[in-house]
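Test case, fold it:
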Amino acid sequence: MENYSVSSLSQHFPPNHKPNKIFNFKPSSSFKTTHQRKKPKFTIPNKNNNKNNNVKKPFSEEDAFPCSLPLHNKNPISIYKDIKNFARQNKLNEALAILDYVDQNGIPVNATTFSSLIAACIRTNSLSIGKQIHTHIRINGLEKNTFLLTKLVQMYTSCGSLEDALKLFDELPDESSVYPWNALLRGTVVFGGRKKQYIDVVKTYSKMRELGVELNVYSFSSVIKSFAAAPAFYQGLKTHALLIKNGLVDSDILRTCLIDLYFKCGKVKLARRVFEEIPERERDVVVWGTMLSGFSHNRLQREVLEYVKWMVEEGIYPNSVIMTIVLPVIGEVCKRRLGQEVHAFVLKTKSYAEKVPVQSALIDMYCKCGDLSSARAVFYSSPERNVVCWTALMSGYASVGRLEQALRAVIWMQQEGFRPDVVTVATVLPICAQLRALEQGKQIHAYALKHWFLPNVSLSSSLVVMYSKCGVVEYSTRLFGDMEQRNVISWTAMIDSYIENGHLYEALGVIRSMQLSKHRPDSVAMSRMLSVCGELKLLKHGKEIHGQILKRDFTSVHFVSAELINMYGALGDVDKANLVFSAVPVKGSMTWTALIRAYEYNELYQGAIDLFDQMRSDRFSPNPFTFEVILSVCERAGFVNDASKIFNLMPKYKIEASKEHFAIMVRLLTRYGQLEKAQRFAQMSSFL
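Residues are numbered from 1 along each chain as shown. Now for the predicted structure:
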């Protein structure tokens, strides 16, 4: 392993970095160093294109209004109109320049003009400019205007300054008015992370009810959206009951929010019931879209396709949003013919065909169906393809195993002038991990640092995996140690890194640290923990994890149950392995294979063969790994005839023999003197 010297991977470029071949490191025009001088206020570049002429001139009326009369010759209505035009275009600096000018000349500004500016601040998430506009509101004597105060509360919460919002909220003259409360709720929902948002919304919601504020449709819609994001099923159920009590349950907005809530809480039947209670004539495209999105969220692909058909039969035709929901589902179930029909509809509806999200969804759908030629045709026929389309094509190449082509697409993309974004980097890193492409992975890491994509917990986790796959586990350790925020995925990635590189005790240390942290292990993390316990023969720790699995009802997850059976088998307790297997509510090939392997660990070879026969008689289909395990049993036991019979069963289950299957047969037949058969198997293996 190479000895790389780095101080901190999360703050510096990867060491020994060679000139970049995948990513183009041109200095960003937007990048500023800390020692640069600040630009004078209200200046614009000189229109002269001479490179040596960098002189800037003060902002003047002619610069803001080159084709209009000077400001002092305009009446206030014209000035308000100019400010609103800039606000609509999100040109807030220009609008502020006019506000400064009119303030110096004693020209008043009305409330509706300030309202349009605040709305622009919310759209652009511009807190600093919002505070300046708030100052101008005070200068104009409108600080007690309830309408503007309500807008400002929404602006502060939307931009993440809850403290300022609450301070301003306390200045409101009328606590019983629902509108400022709605602004506070809406802003909290737009800004907050899931947990923080949920807590803040519940506090505000409880306070409103305590003060007797009459909640309206918009109040409840913000509250329900917050419960859906949490997800908080019982709170949502109580709110649904309150809607029925207050006679608001017939609102189209609230019905849609309730459907979304129940889907996100995994309560599909309740979501369906709410939908079925809506009269047919009132089911618009938004309600149908919420149903389709909910089914897709819960991995119910068949229901998505059924409801699309039902929607069209009801005379509601899909819009571009519906297309972006349905097309990925068609790709997942590999319904290429149906995808072509949808593609034809998209081409017929020209406005949809021009939308980049629809084009990206078509590319993704064709790639998932294995039709790369059609995916490329959609991609190259797109007149306005962008980084999203390129990333979709890259992801498509990766999904069908064309990893080198996916990596080369990053270069082609930059040659067309598109700069990879965070999603592109997140797509490319797993490709580098699969290819064990360390040099390219380091280049991508450097690019992510240069463009301020880090710290980002998802990218950091992908980098941990990439470096561990490339065998540089010390890089993974440093990245993990420097993470400002961690989630269950990042913890699991670090555990995997140690396991893959044979550092089992280090993996155990990470497991113990995770259990002491605020992050509760999910089903994947639990299975990794069980694997480590089995390898290190840690029966006591394994039983503790088994208790956590039972407490959190993870036994119904097949790979968790399989790993639990494997662990007890590796620890020599076949009886416990059998008990776990018997307790699995719905058995599958994974759990059967795990029990067969447990018997193999304990040299119960005939019992393993009998289990394989029982599995087949109970109509469970063995997978390729099942055949690998049972052939390994035959090899260790010396069951030559059984091995030949089992090998010949593979075509029945539509399984093609792999190199490992052939290798086991060659070793077994050679050991027992059947050299001609062994040579025949070796020859067949050479054609793979």
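
which intervals of the stretch 151-300 of the chain have sub-threshold pLDDT?
The stretch 151-300 of the chain contains residues with pLDDT under 70 at 172-177, 187-188, 190-198.

count of residues packed around Met155?
Residues within reach of Met155, counting by other C-beta atoms under 10 Å, total 29. The way it works is simple: take the backbone N, C-alpha and C, and place the C-beta from them, glycine included.

Equivalent analysis for Ala361, please.
With other C-beta under 10 Å as criterion, Ala361 counts 26.

For it, give me the pLDDT.
With respect to pLDDT, Ala361 scores 88.

swap in Asp482?
84.

For Ser556, what are phi and psi?
phi -80, psi -10 (degrees, to the nearest 10).

excluding its backbone neighbours, what's nearest it?
If the residues on either side of it in the chain are set aside, Ser556 comes closest to Pro585, at 5.7 Å by C-beta to C-beta, 6 or more residues apart in numbering.

now that neighbour, what's its secondary structure?
coil (DSSP: H, G, I helix; E, B strand; the rest coil).

okay, now it: neighbour count?
7.

if I look at it, how far off is Lys576?
18 Å (C-beta to C-beta, to the nearest Å).

Next up, the contacts around Ile316.
The contact partners of Ile316, taken as C-beta atoms under 8 Å, 6 or more residues apart in numbering, are Arg283, Asp284, Val285, Trp288.

Can you say which helix or strand has it in it?
Using DSSP states H and E, Ile316 sits within no helix or strand.

next one: phi and psi at it?
Per degrees, to the nearest 10, the backbone of Ile316 is at phi -100, psi 120.

Pretty sure Leu429 sits against Gly441.
Yes: with contact defined as C-beta atoms under 8 Å, Leu429 reaches Gly441; the gap is 6.8 Å.

isn't Tyr397 right next to Ala406, touching?
Yes: counting by C-beta under 8 Å, Tyr397 touches Ala406, with 3.7 Å between them.

picking that back up, identify the farthest-apart pair in the contacts of Ile316.
Pairwise distances across the contacts of Ile316 (C-beta to C-beta) peak at 8.7 Å, for the pair Arg283 and Val285.

the more surrounded of the two?
For Arg283 versus Val285, the count of surrounding residues by other C-beta under 10 Å is larger for Arg283: 19 against 14.

wait, that one sits on Glu314?
Yes: the pair Arg283 / Glu314 is scored as a contact, 6.9 Å apart, by C-beta under 8 Å.

Quick one: find the helix or strand in the chain with the lowest mean pLDDT.
Within the chain, no helix or strand scores below strand 43-44, which has a mean of 34 by mean pLDDT, DSSP states H and E.

just the helices in the stretch 201-350 of the chain please.
217-229, 233-246, 252-264, 268-277, 285-297, 301-313, 320-332, 336-348, 350-353 (DSSP state H, counting those that start in this stretch).

could I get those as a markdown table with distance to Phe554?
Putting the helices of the stretch 201-350 of the chain into a markdown table (distance: least, C-beta to C-beta, whole Å) gives the following:
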| stretch | distance to Phe554 |
| --- | --- |
| helix 217-229 | 24 |
| helix 233-246 | 19 |
| helix 252-264 | 21 |
| helix 268-277 | 21 |
| helix 285-297 | 21 |
| helix 301-313 | 24 |
| helix 320-332 | 25 |
| helix 336-348 | 35 |
| helix 350-353 | 42 |
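
Test my guess that Glu171 contacts Thr150.
No: using C-beta under 8 Å, Glu171 makes no contact with Thr150, being 11.5 Å away.

does Glu384 sit in a helix, a strand or a coil?
coil.

Distance of His297 relative to Tyr475?
From His297 to Tyr475 the distance is 35 Å (C-beta to C-beta).

Between these two, which is the more surrounded one?
Higher neighbour count among His297 and Tyr475: Tyr475, with 25 against 14, using other C-beta under 10 Å.

Quick check: that one touching Val465?
No: the criterion here is C-beta under 8 Å, and Tyr475 misses it with Val465 at 11.1 Å.

who does the helix or strand Glu439 falls within touch, helix- and strand-wise?
Following DSSP H and E, one finds Glu439 within helix 438-450. Using 3 or more C-beta pairs under 8 Å, 6 or more residues apart in numbering; DSSP states H and E as the contact test, the elements touching helix 438-450 are helix 422-435, helix 457-469.

Determine which stretch of the ones you listed is the most buried.
helix 457-469 (a mean of 24; mean count of other C-beta atoms under 10 Å).

His297 - nearest residue in space that isn't next to it in sequence?
That would be Phe263: by C-beta to C-beta, 6+ apart, it lies 5.7 Å from His297.

So which residues of the chain form strands?
Secondary structure of the chain (DSSP state E): strands at 43-44, 57-58.

where along the stretch 451-600 of the chain do the helices fall?
Using DSSP H, counting those that start in this stretch, helices in the stretch 451-600 of the chain cover 457-469, 473-481, 488-500, 504-516, 523-536, 539-551, 558-570, 574-583, 589-601.

what's next to the longest one, contact-wise?
By C-beta under 8 Å, 6+ apart, the list of residues contacting helix 523-536 from outside reads 488, 491-492, 495-496, 499, 504-505, 507-508, 511, 514, 521, 538-539, 541-542, 545, 548-549, 554, 557, 559-560, 563-564, 566-567, 569-571.

what's the domain layout of the chain?
279-398, 608-687 (the TED database).
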